[in-house]
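Colleague: I'll drop the sequence and a predicted model, then ask my questions.
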Amino acid sequence: MSVYLKTGLIGWPVAHSMSPVIHELFMKEAGIRGKYFLFPVEPGNLSSRVTRLKHEGFTGLNVTIPYKKSVIHLCSSLSKDAEVSGAVNTLRFSSEEVLGFNTDISGFSALSMGFPTPFLVIGKGGAAMAVLAAAGAENCRLISREKDTPVIRNGRTGTIVNATPLGWNNDDAFPIEIPPGWSFIDLNYNPRWLWRNSLSERGVRVITGERMLVEQAACSFALWTGYTPGEDLKAFAVQRIMAESHG
């Protein structure tokens, strides 16, 4: 690719994102010149910002909270995964079109491999829809954190999935008490979340969202460039963002 690749992330907020680290590793390995930008987009400005970036020569964008559902109306067409999940986390621009994709589905499939069902998914936004699409409705139950949440009793097993922004603040509380023997998948990756960090001491298996972030980024990068990052590069990217987020 001889042109200068311009991509980025839109959401509100985005300052915490490690996506630039990942995509710039991918660019370096692929021999592509470019830059990955972070764009905090205030509510109400989504349409104008996407249109502006398209006209400024961006190849595409990633989309995060709270726009994974609302960005759909800006898309000329949707991939099958975006249609199934009802959410878009990746845009690709052509001269006339805005194409919408969902690479979170592949990302969650990689992250959750080997975790027990059922998945009790806290959240009803775009990330939760991707979990549902990846795992299947027969294995998932979506739970809104604003409403009554279930009491999980000992004797069962399964996995709680945090598909909300909870955990980006170190002292965030979580609406469900998780008993020993269960598992917890946090789609976020703040290493200083006190509540989540206490789970391992109570017999709960925990995994955080770095691998999902890298897997979905690799799928997005392939859509934009035609270059598919290999397993060694993705593993290195996971190690890199874990090191930087713990720094």
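Modeller: Nice, I can see it. Numbers count the residues shown, from 1 in each chain.
Colleague: What's the local residue count around Leu223?
Modeller: 18 (other Cβ atoms under 10 Å). Glycine gets a C-beta too; all of them are placed from N, C-alpha and C.
Colleague: In contact with it, which residues?
Modeller: 60, 90, 92, 101, 103 (Cβ atoms under 8 Å, 6 or more residues apart in numbering).
Colleague: rerun at 7 Å
Modeller: If you count contacts by Cβ atoms under 7 Å, 6 or more residues apart in numbering, Leu223 has them with 60, 90, 92, 101.
Colleague: The last one: what's it in contact with?
Modeller: For Phe101, the set of contacting residues under the criterion of Cβ under 7 Å, 6+ apart consists of 79, 81-82, 88, 90, 92, 223.
Colleague: Ok, the third one next?
Modeller: Going by Cβ under 7 Å, 6+ apart, Arg92 touches 60, 99, 101, 223-224.
Colleague: do the first one as well
Modeller: With contacts defined as Cβ under 7 Å, 6+ apart, the neighbours of Gly60 are 7, 90-93, 223-224.
Colleague: The nearest residue to it once chain neighbours are set aside sits in which helix or strand?
Modeller: In space, and not counting its chain neighbours, Gly60 is closest to Arg92: 4.2 Å by Cβ to Cβ, 6 or more residues apart in numbering. Secondary-structure element containing Arg92, defined by DSSP states H and E: strand 90-93.
Colleague: So what's the gap between that strand and the chain middle?
Modeller: Distance, stretch centre to chain centre, for strand 90-93: 15 Å (Cα atoms, centre = their mean, to the nearest Å).
Colleague: Please apply the same query to stretch 219-228.
Modeller: In this view, stretch 219-228 has its centroid 16 Å away from the chain centroid, taken as Cα atoms, centre = their mean.
Colleague: what does stretch 73-85 give?
Modeller: 16 Å.
Colleague: Equivalent analysis for stretch 123-141, please.
Modeller: The answer for stretch 123-141 is 13 Å, by Cα atoms, centre = their mean.
Colleague: May I ask which helix or strand of this structure has the lowest mean pLDDT?
Modeller: Ranking every helix and strand in the chain by mean pLDDT, DSSP states H and E puts strand 140-143 at the bottom, with a mean of 92.
Colleague: For Thr159, name its beta-bridge partners.
Modeller: The residues listed as beta-bridge partners of Thr159 by DSSP bridges are Phe119, Ser183.
Colleague: Low-confidence ranges, this structure, go.
Modeller: 1-2, 148, 155 (pLDDT under 70).
Colleague: Go again with 50.
Modeller: The chain contains residues with pLDDT under 50 at 1.
Colleague: quick one, helices of it?
Modeller: 19-30, 46-55, 80-85, 104-111, 126-135, 194-197, 210-225, 231-245 (DSSP state H).
Colleague: Pro179 is nearest to which of these?
Modeller: Shortest distance between Pro179 and the helices of the chain, using Cβ to Cβ, is found for helix 194-197: 14.8 Å.
Colleague: Against which helices or strands is that closest one packed?
Modeller: Contact partners of helix 194-197 among helices and strands, from 3 or more Cβ pairs under 7 Å, 6 or more residues apart in numbering; DSSP states H and E: none.
Colleague: What residues of it count as buried?
Modeller: Using 16 or more other Cβ atoms under 10 Å as the test for burial, helix 194-197 gives Arg196.
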